[in-house]
Every structure is written in C-alpha cells, then in structure tokens.
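Novice: I'll drop the sequence and a predicted model, then ask my questions.
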Amino acid sequence: MFRLIAPTRSAATAAFLSNTSSRASLHGINALVLTRRMSAAPGPKPANPEFSSGPCKKHPGFSLANLPASSLGRSHRSKLGKERLALAISETKRLLKIPEDYLVGIVPASDTGAYEMAMWNMLGQRDIDICHWESFGKGWFADAVTHLKLRDSVDVKEHTAAYGELPDLTQTSPDRDILFTFNGTTSGVRVPHGCDWIADDRTGLTLCDATSAVFAMEMPWEKLDVVTYSWQKVLGGEGAHGMLILSPRAVERLETFVPENRPLPKIFRMTKKGKVDTSIFKGSTINTPSMMAVEDYIDALQWCDSVGGVDGLIKISNNNLAVIEKFVQENEWIDFLAKDPATRSNTSVCCTLDLSPEQIKAFVALLEKENVALDIGGYRDAPPSIRIWCGATVETADVEALMPWLKWAYEEVKK
C-alpha cells in the first residue's frame, strides 16, 4: 500500500503532481504512480529547453534587437525591399554551395507551398515513382493521386516502408520522375549519404522535400532537380516562407510542359509566355512576404557564416546526434526509431521508449513541467515515441544536459 509523502521537490514538479487524480486520468496512469516520492534532480537543466522540430529554436545569440528595421514598413517592391530579398537569395546560394546555373527563389506557404508549386507545374509529363516512409511523404503521394489525379494520365508507382525504415530506393527508375523526402521529419529516417541510387544520366526529374535536411546534411546537388525547404527548420527562422531551388533540367520542364486542364492559382505560377519568370528568383516574390521574417532569415544566414557555414552546421548537428547515440547505447529502455544507423537523422531524432503510450505522454509532460524539454512528443501519426530536435541551433551542451533528465523521467513514470 502506498501513502502520500511530502518530499522535497521543485515547484514545477509539485505543480505537476497537484490534482493527482485528474492528471492520472489525463495521461492514463494509475494515480498511485504519482503519489510516490520523486527522485532528486539528476543535474543541471539545459540552458534552453527548446527541442521542437518546427518551428525550431532560434540560433545562439539571437535577439530581436539585432534585426535591422530599415526594411520594415517599406514595400517589398521598393529598391530596399528587393535588395534585402535578393541578398537572402544570393547568400543562400553561396552558403549552400548551390551550382551557379541553379535558380533559388522565395515562395509562399513554407516548404509545403514550395513543393506543391513544383508538383502542380511539373508533374504529368512522364511516369512517376513516389517514395515515402513517414507522414509528409505520404501526403505528397496522396496529393499526386487524389488531387492532381495523375493516375488518369501517367503511371504512378508507390514505394513505401514502415516508420523507421526506408523503401528499396533502387527500385525507382531514371526514366520516371521521382518524388521523395530527403529526411523524414516525423520518423527520423533520411536517405543514404550521396543519393547514389539516383542516376546521373536520368531523364526524369527528382523532386526533393529537404525541409529538415538543408543546412544539416550534405546535399548532392547534381542528383537533385527540385529542392524545397523552409526557414523555420535548421536555421530556426520564422514560418510561412518557402525556398524553391531548380536545376536547369527543372527549368526546361517548366518551359516545355504545360499540364492539360490544370488551372494554377496565382501563387503557383512560375512562367510567363512560356518562359520561367526569372524575376521570382531575383527577389520579386509572387506575393507579399514578411520583411521582418526576411530580416530574421538573413540574420540566421549570417550566424551560419559565423560558425563555419554549412559545414559548421553539419558538424554541430552530428555532435548533437552523437550525444544521443551514446546515451541510447548505454540504456536499454530507449532506442532509435530508425533501424539503420546509416539512415539515422541528425536533426529530427526519433526514439522509442520501453513505456506504454500513456506513460510516454506522462514522460513528455513531466519534462515539460520541469522546463527541461519542450515539444518532444512524437508526431501524431508516428508510433509512440519522442522526437528531439538536434539541428545546429540547439547547443550540444543542452543535449548533454538533457540526457540524465530523460533517465530521471523514465524512472519516475516507470515506478
């Protein structure tokens, strides 16, 4: 039999344990579990508890006071507005080492808008292979067959795998358009380094959703014809704006293929009189951007440059992942959702726990109440799990400080 004891505990833990029966009902845990003595804090807390997988933590040293205000309240079509947008594009291209003959543009509606723009403009000329192993890639497949109804005009083949695994990507064809996510944000599984499964002499296009990979993983640009990402992931920028990167082959598709009976809304239109609208890729955005978000993105790019560019960011992300890998190796109750270390994400790190789904919810809630880790619950469509963002804006010292608290929370909810 258990009895309620008044242990020494933090104020956050005390608040978590108040109203025990309602808390237990909320998380599906027997109220007796919550009446046990809480263990002492395992050590210092992370200096910053933000481990969200999007929007992600701002970069170290970020301050609103550092953002220039000269473009705020000005038209994005003014000389100054266009200059700031063009700077965001040119610095992106330089830092990511994007080939000179590729186009880079700022488009509406985050990564989703950028990827949908590419799908609605380019798909339907040839047969398609769609690869997905988590929720967002599955969404692209659904859009292709349900909304674009591409199976009415071309063959659409689905290559899929369960969460934690990859489909056999070698079964894709170089003569078909290939759609895939570079890194599965909700599963923690990425494509193999180098994308050797994509043929250099392909005749089809590759459309790559790389929103949680760009600035954290090496991008083999010669393998990629369309790449999309958003500001709020690896760089910790603000939402609502997407980046669209096009190879010369993608531009050729835009200029030689017009889908039949497919009306395009204004924010999807990338051509004028049969030619790609190059102004989009020089800073003349299709619709009005937030100049505050633009200045924030430029600030993040400057931070990227200050820590060694994209190579420096990749190193930080890899170091963060290494901390969790060591912890997982030392503790049997936690494991990676990704089955193969070679395809393990270094940004959206997903882990399974030796706990019931309700206990995992309590685990996540306890760490949030202690202000140790915020927003680390697994994605709603994923298997019961946690997801720790390890992109470069998260400092390695904070990941290290988090590890003992994971063990502490596990032991508390396991009692």
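Specialist: Nice, I can see it.

Novice: contacts and neighbour counts: CA atoms only from here.
Specialist: OK.

Novice: dihedrals phi and psi, the spatially closest residue to residue 183 that is not a sequence neighbour?
Specialist: Residue nearest to residue 183 in three dimensions, not counting chain neighbours: residue 190, with 4.0 Å by Cα to Cα, 6 or more residues apart in numbering. The phi and psi values for residue 190, taken as degrees, to the nearest 10, are phi -110, psi 170.

Novice: wait, residue 190 sits on residue 167?
Specialist: No - using Cα atoms under 8 Å, residue 190 is not in contact with residue 167, being 11.2 Å away.

Novice: more neighbours, the two?
Specialist: Comparing residue 190 with residue 167 by other Cα atoms under 10 Å, the one with more neighbours is residue 190, at 29 against 15.

Novice: host element of residue 121?
Specialist: If you go by DSSP states H and E, residue 121 is part of helix 110-122.

Novice: name the helices or strands packed onto that helix?
Specialist: Secondary-structure packing of helix 110-122 (3 or more Cα pairs under 8 Å, 6 or more residues apart in numbering; DSSP states H and E): strand 103-108, strand 206-209, strand 226-230, strand 241-246, helix 248-256.

Novice: buried set for it?
Specialist: Using 16 or more other Cα atoms under 10 Å as the test for burial, helix 110-122 gives 110-122.

Novice: ok, now stretch 369-387?
Specialist: Neighbour-count burial for stretch 369-387 [16+ other Cα under 10 Å]: 369-379, 382-387.

Novice: residues making contact with that stretch?
Specialist: With Cα atoms under 8 Å, 6 or more residues apart in numbering as the test, stretch 369-387 has contacts from 10, 12-13, 15-16, 45-46, 48-53, 134-135, 163, 186-187, 337, 348-353, 356-357, 360-361, 364, 367-368, 388-389, 402, 405.

Novice: before we move on, the earlier item: from the buried residues of stretch 369-387, which ones fall inside helices?
Specialist: Secondary structure from DSSP state H places residue 369 of the buried residues of stretch 369-387 in helices.

Novice: in strands only, show me the buried residues of stretch 369-387.
Specialist: By the criterion of DSSP state E, membership of those in strands covers 386-387.

Novice: most residues in a single helix of the chain, which one?
Specialist: Looking across the chain with DSSP H, the single longest helix is helix 309-330.

Novice: so which elements touch it?
Specialist: Using 3+ Cα pairs under 8 Å, 6+ apart: helix 309-330 touches helix 291-306, strand 334-336, helix 396-414.

Novice: now, of the ones you listed, which is deepest in the fold?
Specialist: Among the helices and strands packed on helix 309-330, strand 334-336 has the highest mean neighbour count (mean count of other Cα atoms under 10 Å), at a mean of 21.
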